[in-house]
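J.: Give me the fold of what follows.
(chains A and B)
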Amino acid sequence: AQTIHQWPVAEIKAVGSPLSLGCTIKGKSSPNLYWYWQATGGTLQQLFYSITVGQVESVVQLNLSASRPKDDQFILSTEKLLLSHSGFYLCAWSPANSQNTLYFGAGTRLSVL
Amino acid sequence: AQSVTQPDARVTVSEGASLQLRCKYSYSATPYLFWYVQYPRQGLQLLLKYYSGDPVVQGVNSFEAEFSKSNSSFHLQKASVHWSDSAVYFCALSGDNTNTGKLTFGDGTVLTVKP
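T.: Have a look, this model is predicted:
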């Protein structure tokens, strides 16, 4: 069975500080990987997607970046956090031949103060 | 352009009652449609999905949804709710199969089940 693990569970960070969030998928080779963001009390918005190692496509510009250093790992980061980065970050995966059926992780809650 | 509208921000029902959560979509062709549930402080769990064929699809925990092309709707239903069904429910749409994983979500419906 496939499992998706996100870390950390929660973060409290200062404005201007760096951030790194991680996601690992086990039990599935060459998955498509995605980062979604949910503003507090809001809906979900896709940030990035990756079809293969080393390749990441940006969907919206939020002063964030993403990388896929390994087949099963997806990293979201920024060098300088903004207040507007607060929210809930969700990593998701789908099979390479999926019809866009996404399976989400438990998420990371980020508070920027 | 594609969009998803969940007209009811909050729904409250009594335990044992039937439930319908509404979802309307806008898309020029037949979309791929999904319902996800989010329990407090957790990620999203897939309840069910529709691609084609029988317009009534069955999901987990006795949820089902009915696709209507004429009404551009994909309403979620359950015959008898339990207090543990209290959560936020999201309807989502995917308009293509290009592996971009781009889902357009509605704003969600907060379901409260009273004991």
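J.: number of nearby residues for A:S20?
T.: Using other C-beta atoms under 10 Å in any protein chain shown, A:S20 has 12 other residues around it. C-beta here means a position set from N, CA and C on the backbone, and glycine is covered the same way.
J.: which stretch of helix or strand covers it?
T.: Assigned by DSSP states H and E, A:S20 belongs to strand A:19-26.
J.: hmm, who's touching the following helix or strand past that strand?
T.: Next along the chain after strand A:19-26, taking DSSP H and E as the criterion, comes strand A:32-38. Residues outside strand A:32-38 that contact it (C-beta atoms under 8 Å, 6 or more residues apart in numbering or on different chains): A:23, A:25, A:44-51, A:62, A:66, A:68, A:74, A:76, A:87-96, A:98, A:102, A:104, A:107, B:99, B:101.
J.: For A:T101, the count of nearby residues, please.
T.: 17.
J.: How much space separates the nearest residue to A:D71 once chain neighbours are set aside from chain B?
T.: Leaving aside its sequence neighbours, A:D71 sits nearest to A:V53 (C-beta to C-beta, 6 or more residues apart in numbering or on different chains; 5.3 Å). For A:V53, the distance to chain B equals 15 Å [C-beta to the nearest C-beta, to the nearest Å].
J.: A:V59 too?
T.: 7 Å.
J.: what pLDDT does A:G22 get?
T.: A:G22 is assigned 97 on the pLDDT scale.
J.: For it, give me its contacts.
T.: Residues counted as contacts of A:G22 (C-beta under 8 Å, 6+ apart) are A:6-7, A:73-76.
J.: Among these, find me the one that's closest to chain B.
T.: A:Q6 (7.8 Å; C-beta to the nearest C-beta).
J.: surely that closest one meets A:I25?
T.: No. Counting by C-beta atoms under 8 Å, A:Q6 stays clear of A:I25, with 10.2 Å between them.
J.: that older thread, filter the contacts of strand A:32-38 down to the buried ones.
T.: Among these, those classed as buried by 16 or more other C-beta atoms under 10 Å in any protein chain shown are A:23, A:25, A:44-51, A:66, A:68, A:74, A:76, A:87-94, A:98, A:102, A:104, A:107, B:99, B:101.
J.: In helices only, show me the residues you listed.
T.: Among the buried ones among the contacts of strand A:32-38, DSSP state H puts none in helices.
J.: just checking, which of these belong to strands?
T.: The strands, defined by DSSP state E, take in A:23, A:25, A:44-51, A:66, A:68, A:74, A:76, A:87-94, A:104 from these.
J.: Quick check, the residue in chain A closest to chain B?
T.: Among the residues of chain A, A:N100 lies closest to chain B, at 3.8 Å counting by C-beta to the nearest C-beta.
J.: Identify the residue nearest that residue in space, chain neighbours excluded?
T.: Nearest non-adjacent residue to A:N100 (C-beta to C-beta, 6+ apart): B:S94, at 3.8 Å.
J.: List the contacts of the one you found.
T.: A:99-100, B:31-34, B:102-104.
J.: same question, A:K28
T.: Residues in contact with A:K28, defined by C-beta under 8 Å, 6+ apart, are A:2, A:72, A:93, A:95.
J.: same thing but at 7 Å, please
T.: Neighbouring residues of A:K28 by C-beta atoms under 7 Å, 6 or more residues apart in numbering or on different chains: A:2, A:93.
J.: Repeat that for B:F105.
T.: B:F105 neighbours (C-beta under 7 Å, 6+ apart): A:43-44, B:4, B:90, B:92.
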